[in-house]
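Coordinates for the following, if possible.
(2 chains)
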Amino acid sequence: MTHQQHWELAHDTGIVERNGLTYLAALPDGPIVVLDAVASVVLQVALDVSADDVTSEVAAAYGKAPAEVDAAVSECLSGLERARLLRRVGARG
Amino acid sequence: MTNLDAAGSIPPSIRVELAHAAVCNLARRAGVDLLVVKGPGMDPLVGFKGRASADVDVLVRPDEVGRFLDLVKAHGWWARDRFETGSPFGHSMTLFHPTWGDLDVHRLIPGIGVDPSVAFDVFWASRIDVTLGGQPCPHPQPAAQALVLVLHAARSEGSPRAGQDVVHAWTDAPSEQQAAILALVDRLDAHVAWAAGTGDLEAFRGDSSYRLWAVASRGGGRLEEWRARVEAERSWRAKAMIALRAPLVNTDHLAMLLGHRPTRTEVLVEFVDRFRRGAVEMARRGKGRP
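The predicted structure is shown next:
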């Protein structure tokens, strides 16, 4: 039995990815939030791997040590969570 | 991460796609049945490549229109006009939201002869979900999308884009798609408007709605339009109501032209000017000029 958590978009999140940027909105009222290229990569990684692995995967993507990106990754993800765009959920199975 | 709330800061195509997601999300949460009838979710057989959309167009189940309007107004949309003043067909009204932009709410599709609730049921029964902005947005199936688009072109006098729509959605469509569209024209009794959209209106010269579709598809003055609207109504009561409303000022339209709600004086000036324009139109017609 695993206890890994992962990130997923909230049910009422609108999302459009275009030209390396990501546009998110808490529906139905908004506002529209724009993620720059780096934040877009953080989100893509967060949606692909377990929550515990996001920092190391992002660090690997940019050729950095995890400690160098940890604060930025955490700030990005917690900001999206506070905006009700992203949520951390329990084990996938 | 940047927070942008001003609709003008977002590329229009992104804003429109997310606006579709917002409207469909809101309707689904409230249990309101609606269909997106144009826009970025159109099937490639129907919408030509690169066709831009500036707003959200939805057809709402007719008996849920009032509830839907209350709902969107509670979420920040405000009405630009009313069904009665939005068009000669009284079919839609436009609402605006500072983040999402314009929303056109249709209670019927002009040109469809069967009862609006019957038409909605036909479209609804074969609907498809298209993902827009990450949300499922119900659309009519492709043949019904094409029918709606051509009927829209039929009342888009002189619009180059409407001409492109007809060529792509109808003229160049595969034969199976054309057969499916024509079956819907029959089923929904849309023959006159369909003919207006596809250039065969003269075959319906004797129909009571002929003149209305002639004005809608080819243009005409205000007097011509009102005369056509009176002719198209079936009951004498409805004809009388149209005739009585003809000289009244459309204050919603005037507000859009002025950029503010018109004052009493501005409404009065417009009221008088309508008679002047009508006289000019009649004089021109008397001299054989358009």
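
C-alpha from now on. contacts and neighbour counts both.
Noted.

quick one: the helices in the stretch 51-200 of chain B?
B:65-74, B:83-86, B:116-125, B:142-153, B:160-166, B:175-187, B:191-198 (DSSP state H, counting those that start in this stretch).

looking at those helices, which is closest to chain A?
Proximity to chain A (Cα to the nearest Cα) singles out helix B:65-74 among those, at 9.4 Å.

other SSEs contacting the closest one?
The contact analysis (3 or more Cα pairs under 8 Å, 6 or more residues apart in numbering or on different chains; DSSP states H and E) places helix B:65-74 against no helix or strand.

mind listing what's buried in it?
For helix B:65-74, burial by neighbour count (16 or more other Cα atoms under 10 Å in any protein chain shown) applies to B:V65, B:F68, B:L69, B:L71, B:V72.

ok, residues contacting that helix?
Residues outside helix B:65-74 that contact it (Cα atoms under 8 Å, 6 or more residues apart in numbering or on different chains) are B:L26, B:A27, B:V32, B:V60, B:A79, B:R107.

can I get the helices of the stretch 51-200 of chain B in CSV with mean pLDDT?
CSV is the format used below for the helices of the stretch 51-200 of chain B (pLDDT from 0 to 100):
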stretch, mean pLDDT
helix B:65-74, 97
helix B:83-86, 78
helix B:116-125, 98
helix B:142-153, 97
helix B:160-166, 93
helix B:175-187, 98
helix B:191-198, 96
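
Mind putting those into JSON lines with distance to B:H260?
JSON lines is the format used below for the helices of the stretch 51-200 of chain B (distance: least, Cα to Cα, whole Å):
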{"stretch": "helix B:65-74", "distance to B:H260": "19"}
{"stretch": "helix B:83-86", "distance to B:H260": "16"}
{"stretch": "helix B:116-125", "distance to B:H260": "33"}
{"stretch": "helix B:142-153", "distance to B:H260": "29"}
{"stretch": "helix B:160-166", "distance to B:H260": "30"}
{"stretch": "helix B:175-187", "distance to B:H260": "41"}
{"stretch": "helix B:191-198", "distance to B:H260": "35"}
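
still on that earlier bit, tell me the one of the contacts of helix B:65-74 nearest chain A?
Nearest to chain A out of the contacts of helix B:65-74 is B:L26 (Cα to the nearest Cα; 5.7 Å).

wait, what's in contact with that closest one?
Applying Cα under 8 Å, 6+ apart, we find B:L26 in contact with A:L27, A:P28, B:V72.
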